[in-house]
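1. Predicted coordinates and the sequence they were generated for:
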Amino acid sequence: MKNANNYFLIKYQLSIITVSLSLWVYLLGLDYIKPTNIEWLHSGDLSIYQIGWNFFKNDIWRFPLGSNPNYGIYYQGSVVFSDSIPLFAIFFKIFNKFLPNSFQYFSLWILLSVYLQLFFSFKIIHKISGNLRFSLISSLFFCISTIFLNRSGFHLALSGQWIILSAFYIELNQIKNRTFYRNLNISLSVLIHFYFTIILVLFYIFQNSYNLFKKEVRLKFFITELFITFIIVVFLMYIIGYFTINLDDSLGWGYGIYNFNLNSFFNPLGANNFGNFNWSLFFPVQEFQNSEYEGFSYLGITGILFLSLFILNLFYKNYLIFYSSQKLLFISTLFIILAASNEINFGKHNIFSIPLNDYIYLALSTFRASGRLIWPVYYLIFIFGIIFVFRFFKNKNPSLIIFILLLFQVVDLYPGLTNYKLGSQYLSVSQDDRIKNEIWNNLSNNFDEIRLLEPENNSRIFNRMSKYFLTEQFKKTDIAYIARVNRESLVQEKYNLVKNFNEKNLNIFNKTIFISNNNNYVRNLHYLYGENLNYYYVDRLWLISDTEIKTKNALTKKKSPERYVIDLDKYNLIDFRNENKKAIGFGWNNLDIKAGNYMEGYSSTLIFVAKGKNCQKESLISFQIEKYYKDLLMPIKLTLIINKNKKKDFNLDNINNNIILKFNCKLNAINTIDINVKNPQSLYDLRRGLSRVKKSIILNTMIIDQ
């Protein structure tokens, strides 16, 4: 009898493998399942995972193990923050010498996720029902789950939702070493994606809290188990590289924005790289607010039936499995509350908002995309609904009933399923703005680093160049998009670059090519460095280097940026509140169309050429300046330097100030006006936010009187 059971288990295991391989090919197509094919990893966030892996595998081994400082240079990142699935990244880096440059493991990850999604759902249903055929059919609901397929299209690490199912399976087994398996499961989640860690830790905290309330466990046990889990998680996070940035840098904006809408179970509005679509054949798309696509969790027509049965389970104990009705209600309610956040919305209507203390909001910002916390409830609905069907129709061929319900589900989800066919979900992003000129070819052979003139995480330039990075082999870059960065290091690098530019430092261009899409910024650089640098304008991007760039056929044609000339015979007022006159120097940023330039960091520069009949005579130059933080009581301490000659120190006390200086405009010569600030402040300095950008003054106008 035992041999017969083993035979049937092997038979159904082979069925699971067959289904997994079939769905894998359906999702990716025969070309994209190849580990050497990276063509599908260039749209949206997909490129981030592969680029992060490329820089990681080509780097030396470091500690923490997931450290990836070359991708982002001064961001202090790791493979954790490029969502490159640390478990696979670290494992495959061991074999880097044997891997081709174009190797990717994400297709293998999708296969593993599909298989384990089927495996654990099968094990859960079989553990309760004991019916192999019923369990196999039921497991198909989980591999066509909308939340699973949705993430497999653009957020690959989060397609590992089998780890939530494995947590349920652990709870279902009455084993003495359950705590060990719980912590093992949580440890595995740390190596995949931290949102899974949050979900699992909350799941176990909610369970034990209920048990503590019911006096089923002692407080000492609750605290001890939580402490052990905390130590394990923190230790692993340290080893992998979660703490390469400061703790407060891990906090992000978005709680109350990326949340769960109360209509999400019934709203078939899905999204992919190519846009929005309706998952359902039977139900219309509904409206939602904000960015609640993170809470997408459409159940499907059969899932909605299961939701009704799930609610019935709260009242009919005969159909419950490993939880009492009160415990099930307690856990599900807490997840729904956290997923919905403090902004409770139904459709486009905000039912009510809950004001949060700043410190509470700060803590909740750890899981800013709170809509993802609905996933355990989503899967519990299907598990309990399926078991309800089995027990209710136990003597009436439950396998046939669940198969019919599966057919209804597939028919309803058919419009959505067609958007995940043969890799089509990865390739629909327009390529019109990609770089195409031959000058880009093999630049990494001549330059070790490729950088931005204006450092920024997730710049528009990165979005345009992401596909390019898949094939080049630069050693370092700051043209990156990373989920979390060292905010202080990022802004300090911006200020250091401005300092180096003003000092005409050529060393920063050694084996480095800079990229910019800002004509004004490049023009300012040309004023300072002149022909010591080479400037190329191709594909609507500037390339700046200290060596000439050769293409396959010849030297690439260089281009000099246009000068910014102030014709004092025609006008003498430069209004920085005019959108077209925003940047004539370094170290400035824009507020909005009506406001002027605000100064970033400790030093900013105005660079221009003046002309006019009386331009060589001594003139007066006046600035209309105001404080950035108008409620800041301390004076702003300024030093103005005109053409490298110090003119005057100022204390900016009032909201609006006019500063007037004598000035020789130097006909047709390059003029520089440096403004240094001793005490700029950031929101972080003022304890008002997490931004480290240091601000001091707003420059509204500059007037030159002859």
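-> Arrived safely.
2. do you know how far residue 568 is from residue 575?
-> From residue 568 over to residue 575 the distance is 15 Å, taken as Cβ to Cβ, to the nearest Å. All C-beta atoms are positioned from the backbone trio N, CA, C, and that covers glycine.
3. Same question for residue 312.
-> 68 Å.
4. what does residue 72 give?
-> 37 Å.
5. higher neighbour count, these two?
-> residue 72 (27 against 14; other Cβ atoms under 10 Å).
6. That one and residue 482 touch, don't they?
-> Yes. Look at residue 72 against residue 482 with Cβ atoms under 8 Å: they come within range, at 5.3 Å.
7. Return every residue with contacts to both of these two.
-> Both residue 72 and residue 482 are contacted by residue 457, under the criterion Cβ atoms under 8 Å, 6 or more residues apart in numbering.
8. quick one: residue 284 is in a helix?
-> No. Counting by DSSP: H, G, I helix; E, B strand; the rest coil, residue 284 is not found in a helix; it is coil.
9. Give me the domain ranges for this protein.
-> 2-33+114-426, 565-705 (automatic domain parsing).
10. Residue 506: which of the ones you listed is closest?
-> In terms of Cβ to Cβ, the element of the domains of the chain nearest to residue 506 is domain 565-705, at 16.4 Å.
11. Off-centre distance for the worst-scoring helix or strand of the chain on mean pLDDT?
-> Ranked by mean pLDDT, DSSP states H and E, the weakest helix or strand in the chain is strand 656-664, scoring a mean of 69. Centroid separation between strand 656-664 and its chain, computed with Cα atoms, centre = their mean, to the nearest Å, is 45 Å.
12. Which neighbours in the sheet does that strand have, and how are they oriented?
-> Taking DSSP bridges as the criterion, strand 656-664 forms sheet pairs with strand 618-627 (antiparallel).
13. surely residue 529 meets residue 505?
-> No. Counting by Cβ under 8 Å, residue 529 does not reach residue 505; the two are 9.5 Å apart.
14. which of those two has more neighbours?
-> More neighbours surround residue 529 than the other of residue 529 and residue 505, with 18 against 14 (other Cβ under 10 Å).
15. ok so the more buried one is a helix residue?
-> Yes. Counting by three-state DSSP, residue 529 falls inside a helix.
16. mind checking how far it is from residue 560?
-> Taking Cβ to Cβ, one finds residue 529 at 11 Å from residue 560.
17. Now do the contacts for residue 514.
-> Here residue 514 is in contact with 450, 451, 452, 453, 543, 544, 545 (Cβ under 8 Å, 6+ apart).
18. now swap in residue 114 and tell me
-> 20, 23, 24, 27, 143.
19. One more: residue 365?
-> Contacts of residue 365 (Cβ under 8 Å, 6+ apart): 251, 252, 253, 254, 255.
20. Am I right that the fourth one is in contact with residue 366?
-> So the one you mean is residue 254. No. Using Cβ under 8 Å, residue 254 is not in contact with residue 366; the gap is 11.0 Å.
21. Comparing these two, which residue is more hemmed in?
-> residue 254 (17 against 14).
22. Now the more buried one: closest residue in space, sequence neighbours ignored.
-> Excluding its sequence neighbours, the residue lying closest to residue 254 (Cβ to Cβ, 6 or more residues apart in numbering) is residue 368, at 3.6 Å.
23. For residue 665, see how far away that neighbour is.
-> For residue 368, the distance to residue 665 - Cβ to Cβ - is 51 Å.
24. go on, residue 36?
-> 61 Å.
25. who are the neighbours of the helix or strand hosting residue 407, in terms of helices and strands?
-> Here residue 407, judged by DSSP states H and E, is contained in helix 398-417. Packed against helix 398-417 by the contact rule (3 or more Cβ pairs under 8 Å, 6 or more residues apart in numbering; DSSP states H and E) you find helix 132-143, helix 146-152, strand 275-278, helix 300-313, helix 375-392.
26. right, and the ones you listed - which one's nearest residue 406?
-> helix 132-143 (5.8 Å).
27. how about the helices in the stretch 1-150 of the chain?
-> Secondary structure of the stretch 1-150 of the chain (DSSP state H, counting those that start in this stretch): helices located at 2-32, 46-57, 86-93, 106-129, 132-143, 146-152.
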